[in-house]
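Visitor: Structure of the sequence below:
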Amino acid sequence: MKKLKRYLRLYPHLIAMGFKSNLAYRADAIFGIIGFIITNAANLAVMVLMLSPVTSVDGWTLPMMMFLYGYLLIPKGIDHTLSDSLWTLGMESVEKGDLDIYFTKPLNTLFSIISSKFTYEGFGELFLGIAFMAIFGPQISIAWSINNILPLILINFAGIFIFFSTKLSTASLAFKTKKSITFMNAVYNINDYAKYPLKIYGSVIANILLWVIPFGLVAYVPVSMLLFPDVPVFYFPTGPYSLWIMAAIILPFTALYTGLSYFFYHLGVKSYESAGA
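Guide: Prediction:
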């Protein structure tokens, strides 16, 4: 507990240092944010062009799908802002021996890696996610209440750890292979499929998005329950559940998923070898 408190005290200071260091290149940060906004706005435009001729997809209208996309972007943007250093771990840190510096610090190595970088570009995804929900939410008939809002926020918070854990477990393969960036990209980019209703996929892909690489579990499932409260959620045949019950299922699953990813990282660290002669 004392160690946890220590890290909680240290983390804001380390993030502040990263924030200040990025301010030395303000133009780069601004263009990075704009770039991610343009990228996701382009994705939105493609979705609109693809789906606008279609009235609905299995009951999902275009505003509903845009709302789902916005809900997915929020945890993705927060994770991007706070843990983008994991991409470097999968790309070159193990091969070049760059992790040596973290083993000399009296801190958990993963904590040191995560707190070493603060990425402005994630704000682009975060802002767009909030904007999509604000724009398309009023176009949908939703019975807003405290019993909907609170579990929706909790599940969205769990989504941050799903993105983080997926990156961590795939980046940790680099301890064995020296580089894992290709596999890391392939697995992480599966989140693009979670911005559409899982009903459009077959059962195999849908279950992968729910339980193996569970982006759909923290995006499609809660939004589907919010939009269709009286309809059992796809691949949850014993429903319908309340959002609170679904949160009680998703949060422990997220904790387990995160714990397993850290276990893989811990195993990888044990086999780490410096690049020095």
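Visitor: Can you list the buried residues in stretch 163-181?
Guide: 163-175, 180-181 (16 or more other CB atoms under 10 Å). For every residue, glycine as well, the C-beta is placed using N, CA and C.
Visitor: now the helices: where do they sit in this structure?
Guide: 2-23, 26-51, 62-83, 85-88, 94-96, 100-103, 109-114, 122-136, 146-171, 174-177, 181-188, 203-207, 220-227, 243-270 (DSSP state H).
Visitor: what's the angle from the last one to helix 220-227?
Guide: Counting by axes from the mean of the first three to the mean of the last three CA atoms, to 10 degrees, helix 243-270 lies at 170 degrees to helix 220-227.
Visitor: let's have the chain start at 547 instead
Guide: In the new numbering, first residue 547, that becomes helix 789-816.
Visitor: Share the number of residues neighbouring Lys816, please.
Guide: Using other CB atoms under 10 Å, Lys816 has 7 neighbouring residues.
Visitor: For it, give its distance to Ile624.
Guide: For Lys816, the distance to Ile624 equals 30 Å [CB to CB, to the nearest Å].
Visitor: and the helices of the chain as a markdown table, adding distance to Pro760 and mean pLDDT?
Guide: A markdown table is the format used below for the helices of the chain (distance: least, CB to CB, whole Å; pLDDT from 0 to 100):
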| stretch | distance to Pro760 | mean pLDDT |
| --- | --- | --- |
| helix 548-569 | 26 | 71 |
| helix 572-597 | 21 | 70 |
| helix 608-629 | 12 | 92 |
| helix 631-634 | 18 | 91 |
| helix 640-642 | 26 | 85 |
| helix 646-649 | 29 | 84 |
| helix 655-660 | 21 | 89 |
| helix 668-682 | 18 | 88 |
| helix 692-717 | 6 | 95 |
| helix 720-723 | 22 | 90 |
| helix 727-734 | 12 | 94 |
| helix 749-753 | 10 | 87 |
| helix 766-773 | 9 | 91 |
| helix 789-816 | 7 | 93 |
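Visitor: Reformat these as a markdown table; add distance to Ile759.
Guide: Supplementary listing: the helices of the chain in a markdown table, determined by distance: least, CB to CB, whole Å:
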| stretch | distance to Ile759 |
| --- | --- |
| helix 548-569 | 27 |
| helix 572-597 | 19 |
| helix 608-629 | 13 |
| helix 631-634 | 16 |
| helix 640-642 | 23 |
| helix 646-649 | 27 |
| helix 655-660 | 20 |
| helix 668-682 | 19 |
| helix 692-717 | 6 |
| helix 720-723 | 18 |
| helix 727-734 | 6 |
| helix 749-753 | 10 |
| helix 766-773 | 13 |
| helix 789-816 | 10 |
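Visitor: wait, which of the ones you listed is closest to Lys741?
Guide: Evaluated with CB to CB, the helices of the chain place helix 608-629 nearest to Lys741, the distance being 4.4 Å.
Visitor: helices or strands next to the closest one in the packing?
Guide: Packing contacts for helix 608-629, counted by 3 or more CB pairs under 8 Å, 6 or more residues apart in numbering; DSSP states H and E, involve helix 572-597, helix 668-682, helix 692-717, helix 766-773.
Visitor: okay, those helices, which one's buried deepest?
Guide: helix 766-773 (a mean of 24; mean count of other CB atoms under 10 Å).
Visitor: Of all the residues in stretch 623-638, which ones are buried?
Guide: Those would be 623-637, for stretch 623-638 by 16+ other CB under 10 Å.
Visitor: what's that stretch in contact with?
Guide: 561, 644-645, 659-660, 662-675, 706, 709-710, 713-714, 716-720, 725-727, 730 (CB atoms under 8 Å, 6 or more residues apart in numbering).
Visitor: same question, stretch 727-735
Guide: With CB under 8 Å, 6+ apart, stretch 727-735 has contacts from Trp633, Gly636, Met637, Phe709, Thr712, Lys713, Thr716, Ala717, Leu719, Ala720, Ile759.
Visitor: The same query, at a cut-off of 6 Å, please.
Guide: Stretch 727-735 has contacts (CB atoms under 6 Å, 6 or more residues apart in numbering) with Gly636, Met637, Thr712, Thr716, Ala717.
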